[in-house]
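Predicted model follows, preceded by the sequence.
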Amino acid sequence: MTLGLINANPVVHAKKERVARTEEPHDDDAIDPLEIYEYVRDIRDPEHPYSLEQLSVLSEESITVDEKLGRILITFTPTIQHCSMATVIGLCLREKLKDCFHPHFKVDIKVAPGSHADEESVNKQLNDKERVAAALEIPNLRQLVDECLYSSEL
């Protein structure tokens, strides 16, 4: 956790119940937003001991899948417009999803329009393979991403 909190008092929402699926999720290899949401909803926020779901950074509605074009779009909403952890959140999402889908799927991760002061810059960083790879080679950043992905404190 960082020492100087940027958003010292985030709004925390209750976790939603897990949806019981009646069919196998990969019966026809189709991917749906709920399946992706269930996989990423428990990622811990890099600044607070809450999940992205609890802070309403992410929702099922913020995930779209276009099977025909082979595209997945995840749009997240930082808790404040000048959130310095927006790129870390995006890296966590990208890292969590990197081995989940058939290689023909392109995964785009973006901040919601108007939700961040540096929206264009954050989006560019999160969707540039070289920048993502370089960021994850920085030991402190890698450790923070891993803590968010593998934390069991929630």
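Arrived safely, thanks for sending. This is a predicted model, so every value here is computed, not measured.

My read is that Leu126 contacts Val107, right?
No - here Leu126 does not reach Val107: they are 10.0 Å apart, not a contact under Cβ atoms under 8 Å. (Glycine included, C-beta is placed from N, CA and C.)

out of those two, which sits in the more crowded spot?
Using other Cβ atoms under 10 Å as the criterion, Leu126 and Val107 rank with Leu126 on top: 24 against 18.

since we're on the nearest residue to Pro113 once chain neighbours are set aside, how many residues are nearby?
With Cβ to Cβ, 6 or more residues apart in numbering as the criterion, Pro113 has its nearest non-adjacent residue at 7.0 Å, and that residue is Glu119. Applying other Cβ under 10 Å, we find 17 residues neighbouring Glu119.

Provide the secondary structure category for Val107.
Assigned by DSSP: H, G, I helix; E, B strand; the rest coil, the conformation of Val107 is strand.

ok, now how distant is the spatially closest residue to it that is not a sequence neighbour from Lys98?
Excluding the flanking residues, the one nearest Val107 by Cβ to Cβ, 6+ apart is Ile72, at 4.7 Å. To Lys98, Ile72 is 12 Å away according to Cβ to Cβ, to the nearest Å.

More neighbours: which of these two?
Ile72 (21 against 10).

how about the helices of this protein, start to end?
For the chain, helices defined by DSSP state H occupy the ranges 33-40, 86-97, 119-126, 129-136, 139-150.

Of the ones you listed, which stretch is the most buried?
helix 86-97 (a mean of 22; mean count of other Cβ atoms under 10 Å).

The residue nearest to Thr75 when sequence neighbours are not counted: what's it in contact with?
Residue nearest to Thr75 in three dimensions, not counting chain neighbours: Ser62, with 4.6 Å by Cβ to Cβ, 6+ apart. By Cβ atoms under 8 Å, 6 or more residues apart in numbering, the residues touching Ser62 are Ile74, Thr75, Phe76, Thr77, Ala112.

With Tyr39 instead?
Contacts of Tyr39 by Cβ under 8 Å, 6+ apart are Lys96, Leu97, Cys100.

ok, the second one touching Glu35?
No - at 11.2 Å, Leu97 does not count as touching Glu35 under the criterion of Cβ under 8 Å.
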